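> Sequence first, predicted model second:
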Amino acid sequence: MDKQQLERKADAIEMVLSRNNAAAQVTGGYVGPRWVRFMTTAQQVDRVEALTTEIARALGVPYANITRQGGTVRIDVPRSDAQPVTLAGLIERVPLSRVPQCTAVMGLADDGAPLLARLTSPEVGHVLISGKAGSGKTSLMIAMLLSLAHYNQPRHVQIVAMGRGFAGLRDLPHMLEVHELQRLIARPASDPRIVIAVDEPRAADLPVLRAMVERGPAVGVHCIVATREPIDLPVNVKITADRQPGDFWAEYSGAVLRFDAAHIATNEIGSFIQALK
């Protein structure tokens, strides 16, 4: 997407706002791999939100997201030539020396920086991901688990993965069997850290999950849970799928941000694990 294309889109946004008595200027933006963001001088987000459909039509996109950033309104629209955010590409940008222990790569934040989740932080601890089937929840979890394995030796982080989508991870050196959990949780030390990934937990599993979430960090256990519908788990980081697969919103510490989830193709997982070994 070149500068002229961006300027034409900015002009189209300004025209829609002007003819609807919400005149404002586009002052800049950001071009990501899957989204284009336009920053405007508009002050009232509700007036711009009322024009969402008209703005999307003017830009030739299926929809637009209108949000407030500071004292202005931003408009995010999907790219027609969207590309996945590769886990390998993100790992190249984040050297080992800059990553604290038990930290997972989640994707690319809406400001263009890699988004990481340090599970040992009191502000994180656990992660809950919700979204409909096909939204990319399992793919996001796989990328997070592989990044944990990349940045941590098995003596520091071990993983229990429960769900059909994790079959490709069975050769990961960090993997544990489910039956080993009880022994490890009862251990006196909190090292290695245990990361439990659960994809689509059953209703019968929820009481156990809640107990894990409540006392987990104290014994070095962290949960990453994915569900189709939001569930009542007392977690600090909640991630919700957006309209396009791989697009998510993260809510934590009172803030909300969009990010493009890290992705690794199924046929690349084996070679990734072999490289770790």
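Yep, it's here. Numbering: from 1, shown residues only.

> which residues of the stretch 151-277 of the chain fall in strands?
157-162, 193-199, 221-227, 237-241, 247-252, 255-263 (DSSP state E, counting those that start in this stretch).

> now these in TSV, with distance to V26?
Where you see a C-beta, it was placed from the backbone N, CA and C, and this is true even at glycine. Formatted as TSV, the strands of the stretch 151-277 of the chain follow (distance: least, Cβ to Cβ, whole Å):
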stretch	distance to V26
strand 157-162	44
strand 193-199	41
strand 221-227	36
strand 237-241	27
strand 247-252	22
strand 255-263	19
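
> among these, which is nearest L169?
strand 157-162 (5.7 Å; Cβ to Cβ).

> So for that closest one, what gets flagged as buried?
157-161 (16 or more other Cβ atoms under 10 Å).

> And for stretch 78-86?
Result for stretch 78-86 [16+ other Cβ under 10 Å]: buried residues 78, 82, 84-86.

> ok, and what's touching it?
1, 31-36, 60-63, 107-108, 244, 246-247, 260-264 (Cβ atoms under 8 Å, 6 or more residues apart in numbering).

> Out of the buried residues of strand 157-162, which is nearest to G131?
A161 (18.4 Å).

> quick one, what contacts the nearest residue to the closest one once chain neighbours are set aside?
Excluding its sequence neighbours, the residue lying closest to A161 (Cβ to Cβ, 6 or more residues apart in numbering) is A197, at 4.5 Å. Taking Cβ under 8 Å, 6+ apart, we find A197 in contact with 141, 144-145, 159-163, 166, 223-225.

> now do 7 Å
A197 makes contact with 141, 145, 159, 161-162, 166, 224, according to Cβ atoms under 7 Å, 6 or more residues apart in numbering.

> repeat for V157
Going by Cβ under 7 Å, 6+ apart, V157 touches 102, 148, 174, 192-193, 195.

> Need those residues in a markdown table (columns: distance to P207 and pLDDT).
Below are the contacts of V157 laid out as a markdown table (distance: Cβ to Cβ, whole Å; pLDDT from 0 to 100):
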| residue | distance to P207 | pLDDT |
| --- | --- | --- |
| C102 | 25 | 96 |
| L148 | 26 | 98 |
| H174 | 27 | 96 |
| P192 | 26 | 89 |
| R193 | 23 | 93 |
| V195 | 20 | 96 |
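
> Tabulate those residues (JSON lines), appending distance to R74.
Output for the contacts of V157, formatted as JSON lines (distance: Cβ to Cβ, whole Å):
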{"residue": "C102", "distance to R74": "33"}
{"residue": "L148", "distance to R74": "32"}
{"residue": "H174", "distance to R74": "39"}
{"residue": "P192", "distance to R74": "41"}
{"residue": "R193", "distance to R74": "37"}
{"residue": "V195", "distance to R74": "34"}
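
> From those residues, pick the one nearest A218.
R193 (12.0 Å).

> before we move on, the earlier item: for V45, find the nearest of the strands of the stretch 151-277 of the chain.
Short answer: strand 255-263, nearest of those by Cβ to Cβ, at 13.5 Å.

> buried ones in the closest one?
In strand 255-263, the ones that count as buried by 16+ other Cβ under 10 Å are 258-263.
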